[in-house]
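Trainee: Any chance you could fold what I've pasted below:
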Amino acid sequence: MFQGASSLNLDAKGRMSIPARHRDALNVQCEGRITLTRHPDGCLLLFPRSTWESHREQIAAWPIQARDWKRIFLGNAFDVDMDSAGRILVAPELRSAVGMQRDVMLLGMGSHFEIWDAAKLAENEAKAIAGGAPDVLNNFSF
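Mentor: Numbers count the residues shown, from 1 in each chain. This next block holds a predicted model:
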C-alpha cells in the first residue's frame, strides 16, 4: 500500500529518484520493474510492473468504443527499470504530454503512484478545495 507525498526533482536527463521508503517496497514487489503511463487528469501513473500487467489486460479488452482511452493508457505506457541508485527515467514524451517540469510530486495512491508537475498539482488542489467537497463525501468523517 503506497501512500504519502514526496517532493522530488527531475535531473537534466529526466530521471527521478524514488524515495527510499518506496524504493525498498518496489524492489521487493517487482524487482524495480515499473511501468509509467499518462493519465487524462494531467499526471503520470507509476505502477509496479505486475500490477500494471493486470490493468493492461483489462484495458486491452475494452470495446472498440473506448479505443481513444486505450490509446491514452496503453499507447503512452513505458516500461522502465530502477537503476542501482533508485532512479527511473521519465520519457520525454510523457514529460511533454503532462507539462512536467523540474519540480514534481510523487503521491502514493494505494496500489500505484501519481507523478505530478508540482505547480500543476497545487493548482488542481486549490481548485478542488475552492469547489467544495463533492456530494459523494457528504457522509465521510474521520
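
Trainee: Summarise which helices and strands the longest helix along the chain is packed against.
Mentor: Using DSSP state H to define each element, the chain has its longest helix at helix 118-131. Counting contacts by 3 or more CB pairs under 8 Å, 6 or more residues apart in numbering; DSSP states H and E, helix 118-131 is packed against strand 103-110. C-beta coordinates here come from the backbone N, C-alpha and C atoms, glycine included.

Trainee: In the sheet, which strands lie alongside the strand it packs on, parallel or antiparallel?
Mentor: Note on strand 103-110: by DSSP bridges, its sheet partners are strand 2-9 (antiparallel), strand 113-117 (antiparallel).

Trainee: show me where the chain has helices.
Mentor: Ranges of helices in the chain, per DSSP H, are 20-30, 49-60, 67-73, 92-97, 118-131.

Trainee: Let's have those in TSV, adding mean neighbour count.
Mentor: Formatted as TSV, the helices of the chain follow (neighbours: other CB atoms under 10 Å):
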stretch	mean neighbour count
helix 20-30	15
helix 49-60	14
helix 67-73	14
helix 92-97	14
helix 118-131	12
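
Trainee: Which one of the ones you listed lies nearest to P40?
Mentor: With CB to CB as the criterion, P40 lies closest to helix 67-73 of these, at 5.8 Å.

Trainee: Return the most buried member of the strands paired with strand 103-110.
Mentor: Ranked by mean neighbour count, these are led by strand 113-117 with a mean of 24 (mean count of other CB atoms under 10 Å).

Trainee: got the angle between that strand and helix 20-30?
Mentor: Relative orientation of strand 113-117 versus helix 20-30 (axes from the mean of the first three to the mean of the last three CA atoms, to 10 degrees): 130 degrees.

Trainee: Sweet, I'm off.
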